[in-house]
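J.: Kindly return the folded structure for what I paste below:
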Amino acid sequence: MQIHQLTYFVAVARTRHFTRAAELTGVSQPTLSKQIRVLENAMGTPLFVRNRGAIELTSAGEALLPHAQRILIDVESAQRTVHEVANLRRGRVRVGATPSLCDGLLPEALTRFHDMYPAIDLEVQEAGSRVLTRELAQGRLDVALLIVPLHSNEPDIETTPVLRERLVLASPATSDMPERMDVGELRDLPLVMFREGYDLRDVTLRACAGAGFEPRLAVEGGEMSAVLRFVEAGLGHAVVPSMVLTTRPQLRATQIGTPPLDRVIALAHHSSEALPLAAQAFKAELLALLTTFSGRDLELV
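T.: Next comes the predicted model:
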């Protein structure tokens, strides 16, 4: 059994297609198919059912897949550790963050880190907390900024709460909204609502239900950037993190008082392996940055 054979096996398992797996791994399709056959011969059993137009894992393939993924994660971790030379003169950090954090907190954190370690490559993935948790568990991210508590069963993810952020009501800057209002006063407002599965959608709907009403939705289904643009266009109001409004003069914030709405931001990584040196350095710079955020509707946890 060779590492490259496991790489090809996992690629086929993910894509369920030999040609796409070959493209993904940068080899020819005949080469990949040959190595899969060699692996199957070494294992003494087929790993895939090859039907016309469909590739499925056999029961043996299903059993091998999690072990193969774990081996590849360990190999990549070892390679990164070897490549991280003294004083972090080179390396890579793979960072994930939710859309609101990519818009608010992450740019400043990345700038600080790049100024300190200009030779470290930065890779960013923007996604919801559920997706980021899965990416961490599968070894495709080093660290992630996400919202807790997590609504997924990933026992190998370690989370460190770092920041509590107030949620506010975003409205067009030209509106006559008050500086403060209660959740119950959202009853008569048209709301721009995030898509299904978005943490902020769940928070808003639970708050409205707790106040005894179902919100009136003017528009629904957007990501953070789309929701903010819709509010700027005057289509309605939206409950958003206070952080995202600091660079949007076309919007104004109304504090939500009773009950106050907030969320907890956590730094997460895979708990079963040591955090790579470059990721440790990024975590340190991020925590240093967070100490400067007091007074922006943010509170260190």
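J.: Retrieve the pLDDT associated with residue 59.
T.: On pLDDT, residue 59 comes in at 95.
J.: roughly how far apart are the most centrally placed residue in the chain and residue 202?
T.: Nearest residue to the geometric centre of the chain (CA atoms, centre = their mean): residue 132, 3.3 Å. In this structure, residue 132 and residue 202 are separated by 16 Å, where distance is defined by CB to CB, to the nearest Å. Quick note: C-beta positions are derived from backbone N, CA and C, even for glycine.
J.: which stretch of helix or strand covers the residue nearest to the centre of the chain?
T.: Using DSSP states H and E, residue 132 maps to helix 129-137.
J.: helices or strands up against that helix?
T.: Judged by 3 or more CB pairs under 8 Å, 6 or more residues apart in numbering; DSSP states H and E, helix 129-137 is in contact with strand 91-97, strand 143-148, strand 157-172, strand 262-270.
J.: and the second one, what other elements does it pack with?
T.: Packing contacts for strand 143-148, counted by 3+ CB pairs under 8 Å, 6+ apart, involve strand 91-97, helix 129-137, strand 157-172, strand 262-270, helix 277-290.
J.: What strands line up against that strand, and which way round?
T.: Looking at strand 143-148 with DSSP bridges, its partner strands are strand 91-97 (parallel), strand 262-270 (antiparallel).
J.: Same check on the third one?
T.: Each strand that pairs with strand 157-172, with its direction, by DSSP bridges: strand 238-241 (antiparallel), strand 251-256 (antiparallel), strand 262-270 (antiparallel), strand 298-300 (antiparallel).
J.: just the ones you listed: most buried one?
T.: Most buried of the strands paired with strand 157-172, by mean neighbour count (mean count of other CB atoms under 10 Å): strand 238-241, with a mean of 26.
J.: low-scoring stretches of this protein, by residue?
T.: When the per-residue scores of the chain are filtered using pLDDT under 70, the ranges that remain are 81-87, 89, 151-155, 272-273, 293-298, 301.
J.: Domain map for it?
T.: Annotated domains of the chain cover 3-83, 93-158+271-293, 164-263 [automatic domain parsing].
J.: Is it possible to get a markdown table of those domains that adds distance to residue 299?
T.: A markdown table is the format used below for the domains of the chain (distance: least, CB to CB, whole Å):
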| stretch | distance to residue 299 |
| --- | --- |
| domain 3-83 | 34 |
| domain 93-158+271-293 | 9 |
| domain 164-263 | 5 |
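J.: quick one on the thing from earlier: for residue 110, which of the helices and strands packed on strand 143-148 is the nearest?
T.: The stretch from the helices and strands packed on strand 143-148 with the least distance to residue 110 (CB to CB) is strand 91-97; that distance is 7.5 Å.
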